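K.L.:
Kindly generate the corresponding structure for this input.
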Amino acid sequence: MTLKLTVSALSTAIALSLSSTAVAKNATNERTFEQITVIGSQEAINDIPGSASFISEQELEKFDYTDISRVLSSVSGVYVQEEDGYGLRPNIGMRGTGTGRNDKISVMEDGVLVAPAPYSAPAAYYFPTTGRMESIEVLKGAASVKYGPRTTGGVLNLVSRSLPTKGSTGLLNAELGSDGFYKGHAYFGKKKNNAAGLIEVFSYGADGFKELPVGSDNTGFEKNDVLLKFGFDFGDNQAHNLEMKVKYSDERSDETYMGLTDADYQDSPYRRYAASQHDEMNTQHNAYQLNYSYRSETGFELFASAYLNDFHRNWYKASKVGESDLQKYSEFEANPTTQGIEGIAIKANNRNYQAKGSQSELHIPTGNHYLTIGVRYHEDEMDRFQWQDKYTLNQDLSMTLTENGIPGSDSNRFDSAEATTLFIQDQWSLDALVINAGLRYEDITIKREEWAKSDPTRSNGLTKNISNDTEILVPSLGATYRVNDNLTLLAGIQQGYAPAAPGNAEQQEEESVNLELGGRYDYAGFNGEVIYFNSDYDNMHGNCTAAIGCDDDNIGDQYNYGEVSVAGFEVSAGKVFTTHAASFPVRLTYTYTDSEFENDFDSGLWGTVNKGDAMPYVPENQIALSFGAELSAFVFDTQMRYVSDAHADLTATGLNAIDSRVVWDLAAKYLIDNNQKVYITVDNLFDKTYIANRANGGIQPGKPRTLQLGYSYAF
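P.N.:
Residues are numbered from 1 along each chain as shown. Below is the predicted model:
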């Protein structure tokens with residue numbers, strides 16, 4: 001269509017980034033290299049008509065987490081379903097969307113969608129390295145609609161290391177810990193005249209906390225990450241800025257979908273069955289991003305990005321991990337027979353992804369209006385080319401390869417998407433009242449091309465060639481009202497939306513109406529926020545993945561779950577108590593969620609759903625309490641997380657199958673001088689044993705108590 005071609009050409013030529021209005025309005029005349037954010041700072045939150053959380057570098061340094069699950073556990077309205085214990089493949093949801101594989105929220109790094117194929121295959125196994133991030137931002141409600149494509153839950157933006165604004169800056173950080181854990185983190189940046197550069201290296205790994213009964217292989221991982229940035233200011237008053245970002249990462253992890261039976265979990269929670277001894281994930285990620293910004297003296301601003309992400313993964317893992325399979329493996333290990341177990345299928349889940357595009361945002365101040373116009377053109381694709389090898393599990397619990405699979409003989413298909421997005425928002429200031437009205441337009445085409453499993457060369461023609469074309473308008477309306485210097489009220493309403501994937505002729509788009517009401521309070525060092533939210537789904541999506549037990553032929557499909565209602569409260573409060581010799585920061589967050597299916601159906605994933613059932617993996621109550629003490633050169637911090645019980649599925653045995661739990665973490669630091677520190681962190685201080693996940697196949701336990709010792713030198 002003409003509009004589509006015009007927008008594509010415009011966005012490719014301009015290539016603008018999704019930088020927030022809040023950042024633009026709080027910019028100063030001091031020239032700094034552009035940092036792509038959706039919030040920008042803690043202070044900017046008061047101007048946002050919705051729930052927003054900004055986790056600063058100082059907050060991230062308290063516990064030095066490398067696991068995003070632990071970082072987000074203190075953010076109200078966010079649900080995290082653990083999987084491997086180290087946060088390599090987190091499952092994140094917001095406001096009752098379900099956790100899935102982050103497939104119901106928009107995950108970005110530096111304002112760019114970071115999922116390997118966010119339109120055609122949103123449930124994918126890549127997440128940025130949390131430990132190298134400078135800050136983390138969470139945005140929910142009406143203000144999140146501009147980022148898309150999924151607008152019901154919210155936005156998670158991870159902000160990478162910024163270029164230095166003067167002189168040199170750097171860090172050397174080394175850490176060793178339990179179960180062979182290690183971490184090495186270093187960066188160096190320098191600005192000279194109008195140019196700046198940065199190199200950052202982050203490498204970490206562990207032997208793992210689970211145990212195999214055979215072989216010398218551990219159950220851990222190794223992950224490496226390298227980031228390069230270059231920036232240059234030019235033009236009158238250095239009003240123009242150009243920045244290039246290049247990132248590489250790789251991972252090898254001895255991870256599996258194979259969990260434990262209930263009986264084996266009770267007996268030995270960190271055990272792994274011998275049939276999973278060859279399970280291994282290998283990934284490689286390459287990312288390129290070019291940013292441009294212009295700021296005029298009159299307040300007119302332009303921000304721009306072009307991006308390319310390439311991701312390859314091959315998760316070689318046992319493909320049969322249902323309840324009967326686990327019972328068979330367990331019984332065999334207790335009483336191994338001479339004939340062994342034949343025909344164990346280990347699948348090479350081999351896939352290549354690519355996402356590329358450009359996006360634009362223009363900020364125009366006009367009197368008491370502040371206009372934002374954005375455009376994005378995006379393409380992504382997933383190439384599935386998989387096979388299965390066959391093994392025999394022997395009496396000595398070793399495994400013998402008996403049959404080599406032919407590449408492409410298990411899954412042989414290509415999914416792709418093309419999307420054009422337009423967005424306009426008007427921020428209208430009327431004294432203490434600020435109204436934000438936005439409208440997002442999406443034109444999306446998602447295709448699936450499939451070849452026969454007996455045609456690995458793809459030479460005999462397609463067996464399936466289907467597409468789903470969608471055009472949608474997504475409105476949002478939000479407002480803030482400053483009652484006085486201490487109290488701000490907020491309200492917002494938005495349409496939630498997610499595109500339908502091909503593969504099911506009856507598949508519909510996901511649509512909902514989302515409402516929020518609340519207020520923020522800040523007085524004498526005490527700050528708090530209370531927000532009520534309500535999401536009313538006309539049709540909720542269920543995304544079919546191997547992680548939730550789908551059959552091989554159905555992975556990637558979507559299902560209509562019909563009407564669902566989700567409502568709740570988000571509460572946060574914090575204060576720093578001070579004396580003449582010390583300070584004591586305290587912060588509390590609480591989330592209450594009431595979720596309910598409003599129709600009966602057979603999900604095929606969670607069992608039979610009855611009207612009134614709560615959503616699986618959405619706990620009713622979550623509490624996070626953190627407090628610390630800063631005593632001269634000694635600093636202590638602790639965090640407690642309570643999560644109430646939840647469904648794993650809706651069968652009789654699945655009700656409340658994820659038990660409630662309380663987990664404490666601890667961190668202590670000694671500041672040697674202004675540049676150096678030594679520290680100790682303890683995750684799961686009281687060694688709580690708990691079920692983290694039942695979705696993949698059997699029980700996956702949470703990480704036990706682990707201790708890390710570290711040294712850091714920064715300048």
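K.L.:
Show me the strands in the stretch 601-715 of the chain, by range?
P.N.:
Using DSSP state E, counting those that start in this stretch, the strands of the stretch 601-715 of the chain run over residues 601-602, 608-609, 621-631, 634-643, 661-671, 676-683, 691-693, 700-701, 706-714.
K.L.:
how about low-confidence regions in the stretch 301-450 of the chain?
P.N.:
Nowhere does the stretch 301-450 of the chain drop to pLDDT under 70.
K.L.:
What are the boundaries of the helices in it?
P.N.:
323-334 (DSSP state H, counting those that start in this stretch).
K.L.:
now the strands for it?
P.N.:
Secondary structure of the stretch 301-450 of the chain (DSSP E, counting those that start in this stretch): strands located at 301-318, 341-366, 369-393, 399-403, 411-430, 433-450.
K.L.:
Output those as CSV; include the columns distance to A692 and mean neighbour count.
P.N.:
For every residue, glycine as well, the C-beta is placed using N, CA and C. Below are the strands of the stretch 301-450 of the chain laid out as CSV (distance: least, C-beta to C-beta, whole Å; neighbours: other C-beta atoms under 10 Å):
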stretch, distance to A692, mean neighbour count
strand 301-318, 18, 21
strand 341-366, 22, 20
strand 369-393, 26, 20
strand 399-403, 27, 13
strand 411-430, 28, 20
strand 433-450, 32, 19
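K.L.:
Quick one, which of those strands gets closest to G628.
P.N.:
G628 lies closest to strand 433-450 among the strands of the stretch 301-450 of the chain, at 34.3 Å (C-beta to C-beta).
K.L.:
List the strands paired with that closest one, with their directions.
P.N.:
Applying DSSP bridges, strand 433-450 is found paired with strand 411-430 (antiparallel), strand 464-482 (antiparallel).
K.L.:
before we move on, back to that, and Y270, which of the strands of the stretch 601-715 of the chain is closest to it?
P.N.:
So among the strands of the stretch 601-715 of the chain, strand 700-701 is nearest, using C-beta to C-beta, at 6.0 Å.
K.L.:
In terms of secondary structure, what does the closest one contact?
P.N.:
The elements that strand 700-701 packs onto, with contact taken as 3 or more C-beta pairs under 8 Å, 6 or more residues apart in numbering; DSSP states H and E, are strand 691-693.
K.L.:
Go ahead and measure how far the strand it packs on is from the middle of the chain.
P.N.:
18 Å (C-alpha atoms, centre = their mean, to the nearest Å).
K.L.:
Could you list the low-pLDDT ranges of the chain?
P.N.:
In the chain (pLDDT under 70), the answer is 1-36, 503-507, 541-560, 603-607, 650-656.
K.L.:
Out of the strands of the stretch 601-715 of the chain, the one nearest K192 is which?
P.N.:
The closest of the strands of the stretch 601-715 of the chain to K192 is strand 706-714. By C-beta to C-beta, the value is 20.2 Å.
K.L.:
contacting residues around the closest one?
P.N.:
The contact list for strand 706-714 (C-beta atoms under 8 Å, 6 or more residues apart in numbering) reads 64, 170-179, 181, 183, 209, 675-684.
K.L.:
hmm, try it at 7 Å
P.N.:
Contacts to strand 706-714, defined as C-beta atoms under 7 Å, 6 or more residues apart in numbering, come from residues 64, 171-179, 181, 675-684.
K.L.:
filter these to the buried ones?
P.N.:
Restricting these to buried positions leaves 64, 171, 173, 175, 177-179, 181, 677, 679, 681-684, with burial counted as 16 or more other C-beta atoms under 10 Å.
K.L.:
Need the strands of the stretch 601-715 of the chain in JSON lines (columns: distance to P456).
P.N.:
Output for those, formatted as JSON lines (distance: least, C-beta to C-beta, whole Å):
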{"stretch": "strand 601-602", "distance to P456": "34"}
{"stretch": "strand 608-609", "distance to P456": "38"}
{"stretch": "strand 621-631", "distance to P456": "47"}
{"stretch": "strand 634-643", "distance to P456": "45"}
{"stretch": "strand 661-671", "distance to P456": "46"}
{"stretch": "strand 676-683", "distance to P456": "44"}
{"stretch": "strand 691-693", "distance to P456": "33"}
{"stretch": "strand 700-701", "distance to P456": "33"}
{"stretch": "strand 706-714", "distance to P456": "43"}
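K.L.:
Tell me which of those sits nearest to P269.
P.N.:
P269 lies closest, by C-beta to C-beta, to one member of the strands of the stretch 601-715 of the chain: strand 700-701, at 4.6 Å.
K.L.:
so what strands line up beside that closest one?
P.N.:
Note on strand 700-701: by DSSP bridges, its sheet partners are strand 691-693 (antiparallel).
K.L.:
Excluding its own residues, what touches the strand it pairs with? List them.
P.N.:
So strand 691-693 is contacted by Q81, E82, E83, I658, D659, I699, Q700, P701, G702 (C-beta under 7 Å, 6+ apart).
K.L.:
contacting residues around E134?
P.N.:
Residues near E134 by C-beta under 7 Å, 6+ apart: E57, V159, S160, R161, S162.
K.L.:
next one: phi and psi at the last one?
P.N.:
Recorded main-chain torsions at S162 are phi -90, psi 150, according to degrees, to the nearest 10.
K.L.:
number of nearby residues for the residue nearest to V682 when sequence neighbours are not counted?
P.N.:
Closest residue to V682 apart from its sequence neighbours, by C-beta to C-beta, 6 or more residues apart in numbering: L666 at 4.5 Å. By other C-beta atoms under 10 Å, the residues close to L666 number 17.
K.L.:
in the sheet, who's paired with L666?
P.N.:
Beta-bridge partners for L666, by DSSP bridges, are T638, V682.
K.L.:
residues in contact with it?
P.N.:
By C-beta under 7 Å, 6+ apart, L666 lies in contact with T638, T681, V682, L685.
K.L.:
check contacts around the last one.
P.N.:
For L685, the set of contacting residues under the criterion of C-beta under 7 Å, 6+ apart consists of W664, D665, L666, R705.
K.L.:
May I see these organised as TSV, with distance to A287 added?
P.N.:
Putting the contacts of L685 into TSV (distance: C-beta to C-beta, whole Å) gives the following:
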residue	distance to A287
W664	36
D665	30
L666	34
R705	35
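K.L.:
ok, and for the one helix or strand V530 maps to, which residues are buried?
P.N.:
Using DSSP states H and E, V530 sits in strand 526-539. Across strand 526-539, burial judged by 16+ other C-beta under 10 Å covers N527, E529, V530, I531, F533, N534, S535, D536, Y537, N539.
K.L.:
Need the max-distance pair from these.
P.N.:
N527 and N539 (38.0 Å).
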